[in-house]
Each structure stands twice: as C-alpha cells, then as structure tokens.
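# please find the sequence and the predicted model below.
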Amino acid sequence: MVVCQRCWPVTTWVALTCAFAIATSTPALTQNPKYLVRIAHETSSGTACVLLQNTGAFHYEAGDETIKVFEGTLGPDQLDSIRRDLSGFSGTSQSDIEEPLIHGPRDLLDIHFFQPSGAKELLFRSSESQLRYRASLKPLLQWMYSLPKLSSQELTEDAGKQNCLPRGRIRLMKRDEVVPEPPLTRTPVAGRRITAPPAVITNITVQPLVRFELLQRTSSTAQQRCALIADDGRYRFEFRSQKTGKKNVDNRLANGGLSPEELKQLRELLDAPGLIRIRHHERPGGMPLNIMGAVLDLSVRRGESFQDVTLTDNTHRNTFFYSGDADISLAKPLMEFVQKTVESRAQAAGPASLNGCSQLP
C-alpha cells in the first residue's frame, strides 16, 4: 500500500474554536465506557460543544471571544432519548458523508459517540452535507442548545472551561493543564483541520512520486482534481465537479499504472528547471488564498524530502489575497500530461469510493 502522508484537503475551510486536547490515540476511546457523546458545532455566528457522560452529567461550552460554561445532569428519560437519537447513526460512516465543492456559510459539525462496537466520529464540514441527515441531526442540536436551561450551575470561563475533546483518552482538563500542540501541517486555504491527520503508516515499500490537487472555480462551476502517482507508476486520480445552484456532485475515479514510457515522461516534467526552482512562501499575516480561478497544490519527492508548493492563476491575483509561490502556468505541461494519460481513463464513481488521493491500493 502506498499512503500519501502529505495531503491537504483544498475544501477544508475552518477550524473549530473550541480548544481540543488529545491524550492518546482513538483506540483508547473504545475501552472507556464513561462517556456517551461529544458534539461540537461551529457556524458563522458562534461555537458550542458538549461532553455527555453515561451517567447523564454534561459539560457545555458556548461562545467565541467570551466562553459561557454550564454543567448539569440529564434525567433517565432525557438520556435514553439521546441514545435513541444517536442510534440513528449506527450504520453511517464518514465515507457516506459527501461534501460539496460549492458551499454556503460556515457550518461545521463534529459528532463523536461511543457504542458497544467502539467509538465513532462523524464530521460534517458544511450545511449541505448535513441535509441528508437532517432528521437525525435536528433533535441532537436542539438538545445541545437547550442545555443552558437544563444546567444546575453556570461557571466562569476561567474556572470552568475544560475543553471538548475529539480524540484520545477523554479527561476533562483545566485550561492551565492543556499543553499547546505543535502547528498542524499547512493547508493552502483559509482554515485548518479540526481533526487530527491520519495515523502515519511506516511499512511503505513504494514511495509516492508526486501528488497534486487542483481546484478551479468560476462563477458557474467548481472542479476539483487530485492525483497520487507512485515511484513504480501506479496512480490514483479523482475528479469532482459541481455547478453553481446545483446540489449534485459529479464524481469520477481512475486507478491504474503508467507505462514505462509515460513514467519516464512524467519524471522529465517534474524535473523541469522552472518547477524545481519554486520555493514555498508562507502567507504573511494569515492573508487568505483566493480560490477563484485555479489553485494547484503540488508535492514532489526530491530525494529524501518533498517539495511542497502552491501555484495560483495570476489573472485573479491582487494585493489582498495570498498569491501562492508561483504562477500555475509553470505546471501546465504537468497538468496536460495528467489529463491525457490519467484523467481520460476516469469513470463515474460514488462518493464513498473516494479518498482524496490519500493512498493507493
């Protein structure tokens, strides 16, 4: 198996403002029956999160600049109701949740619950992806936002803020106990992941040669392409397209292998002097990246390290937006090669079969 450990989802938009602390890996959660569910919800108007124990005791936090903290205990009937609502997701997996390329205002929802078979986390990155599950999500959100009325006490932010934890051995932590985490791997758009990246897999016998992710936006459509190609020529290609005002997303997938001649041509394109000379420049002062036009994230293995760059379309560039590392025209031969040799073989696929070009079979 070839696993891409340097993958940045272009459609990641926002970071959850509830602070998260991670104590151990996810498997530890399956052995901890103390907690029933953790829910975190971030919209353009604010953030809220709750941690509910199997005893009915809950810890709820809401707000951005000023955090309000409430604690209390649910009655047996209320607790049973939450369990019934959560059971509606027992057959749902993360791969069932399809995110759009064109989305509305910020609406990020993370549900982490515990069942006899183990812990499960479902992440909805947009209101559009929540629509299919609205009947199951609505009562959970209504319950969460009603908790201030059900609480037995309100705590001050300094005394009560204990963080809602998405992964690890769950333990409520005082603010001064939380050790700052190292910065996440950069993403090429405004926002960061709210969940930890996939676990690193070390038993890789074939190294990835190149991975790219291309996002193209116009006033009428959005298209996303990604490709992961290994040293031996094996590849994975995914394509997604959505028209403005339409809910349907067209998905296509191609798995296969390049011929020796095609692999040789690809290496020559990657070694073009114009590409090799590009160096990455971080965004000054958090300047946003303009995703109108075209944005290409490119990761090329150079010896024992990777060259990671972001290329943008200069026709949409201005001083307000971060312009990336170079103009996307430098990668035009590479994009034409992928379109001709890989994309042309792609066929219709369901959203559950896509992995964001993060690994090869």
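Perfect, thanks for sending it.
# give me the low-pLDDT residue ranges for the protein?
1-33, 156-206, 284-292, 316-322 (pLDDT under 70).
# domain map for it?
The chain breaks down into these structural domains: 2-9+198-360, 26-177 (assignment by automatic domain parsing).
# got JSON lines for those, with mean neighbour count too?
(Each C-beta comes from the backbone N, C-alpha and C, glycine too.) Compiled in JSON lines, the domains of the chain are given as follows (neighbours: other Cβ atoms under 10 Å):
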{"stretch": "domain 2-9+198-360", "mean neighbour count": "16"}
{"stretch": "domain 26-177", "mean neighbour count": "16"}
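# which residue ranges of the stretch 251-361 of the chain form helices?
260-270, 273-276, 332-341 (DSSP state H, counting those that start in this stretch).
# just the helices in the stretch 101-250 of the chain please.
In the stretch 101-250 of the chain, helices defined by DSSP H, counting those that start in this stretch lie at 127-130, 134-145, 147-150, 157-160, listed in chain order.
# packing partners for the first one?
Under the contact criterion of 3 or more Cβ pairs under 8 Å, 6 or more residues apart in numbering; DSSP states H and E, the helices and strands touching helix 127-130 comprise strand 107-115.
# helices and strands around the strand it packs on, which ones?
Applying 3+ Cβ pairs under 8 Å, 6+ apart, we find strand 107-115 packed against strand 35-43, strand 118-124, helix 127-130, helix 134-145.
# what strands line up against the second one, and which way round?
Right, the one you point to is strand 118-124. Paired neighbours of strand 118-124 in the sheet (DSSP bridges): strand 107-115 (antiparallel).
# and the partner strand, C-alpha only, in CSV?
Once side chains and other backbone atoms are set aside, the C-alpha atoms of strand 107-115 remain, and they are given as CSV (Å, rounded to 0.1, in the frame of the first residue of the first chain):
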residue,chain,number,x,y,z
ASP,A,107,-21.3,25.3,9.3
LEU,A,108,-19.0,22.7,10.8
LEU,A,109,-20.4,19.8,12.9
ASP,A,110,-18.4,17.1,14.7
ILE,A,111,-20.2,14.2,16.5
HIS,A,112,-18.1,11.7,18.4
PHE,A,113,-20.1,9.0,20.2
PHE,A,114,-19.5,5.7,21.9
GLN,A,115,-21.3,2.4,21.2
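# angle of it against strand 35-43?
The directions of strand 107-115 and strand 35-43 differ by 180 degrees, with axes from the mean of the first three to the mean of the last three Cα atoms, to 10 degrees as the criterion.
# distance of the residue nearest to residue 143 when sequence neighbours are not counted from residue 69?
Counting by Cβ to Cβ, 6 or more residues apart in numbering, residue 82 is the residue found nearest to residue 143 once chain neighbours are left out, at 6.5 Å. In this structure, residue 82 lies at 20 Å from residue 69, with Cβ to Cβ, to the nearest Å as the measure.
# for the helices of the stretch 251-361 of the chain, which one sits closest to residue 37?
Proximity to residue 37, assessed across those by Cβ to Cβ, is greatest for helix 332-341 (42.6 Å).
# what helices and strands are in contact with the closest one?
Contacts of helix 332-341 with other secondary structure elements, assessed using 3+ Cβ pairs under 8 Å, 6+ apart, are made with strand 208-217, helix 260-270.
# re earlier: closest one to residue 115 among the helices of the stretch 251-361 of the chain?
Each of the helices of the stretch 251-361 of the chain was scored for nearness to residue 115 using Cβ to Cβ, and the closest is helix 332-341 (41.6 Å).
# thinking again about what came up before, quick check: the residue nearest to residue 143 is in a helix.
Yes - when classified by DSSP: H, G, I helix; E, B strand; the rest coil, residue 82 is found to be part of a helix.
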